[in-house]
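A.B. asks: generate a structure from the sequence data that follows.
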Amino acid sequence: MSTATQDDYAREIAKLVAAMPVERAAQVYDFARFLKSASADTPLPISEEDDWLNDSPEQIAVEDVAWDTAYARNRDQIRAAANEATEDYRTGRTDELFDEHGNVKP
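C.D. replies: Residues are numbered from 1 along each chain as shown. The predicted structure follows:
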């Protein structure tokens, strides 16, 4: 059973967002709004395995190495996808995720 509370998550997320450029912080906010609008009938599962607030520093270090290794192996593909997505956004080839009321568009 998870020992993290909603307040714990809020504090940790606030720390992460405070360290981000404003554009990234806005993306986190948009995603949080998306999650909030998701159906309450389909709750997101939280298990001990996914409870990152309870990870030890050693577990976090192992995960960081795994992510760094995966990124290093796929750097060119990841950068190409990011550049393509950025260009799509800049040229208007994207759709808004939310309507004027903050609801996810169908």
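
A.B. asks: by mean pLDDT, flag the weakest helix or strand of this structure.
C.D. replies: Least confident helix or strand, the chain: helix 22-37 with a mean of 87, by mean pLDDT, DSSP states H and E.

A.B. asks: which parts of the following helix or strand past it are buried?
C.D. replies: Beyond helix 22-37 on the C-terminal side, the first helix or strand identified by DSSP states H and E is helix 57-90. Buried residues in helix 57-90, counted by 16 or more other Cβ atoms under 10 Å: none are found. Placement of C-beta: from N, CA and C, glycine included.

A.B. asks: tell me the mean pLDDT over helix 57-90?
C.D. replies: Averaging pLDDT along helix 57-90 yields 93.

A.B. asks: look through the protein and report the residue furthest from the middle.
C.D. replies: Residue farthest from the centre of the chain, counting by Cα atoms, centre = their mean, is T91 at 23.9 Å.
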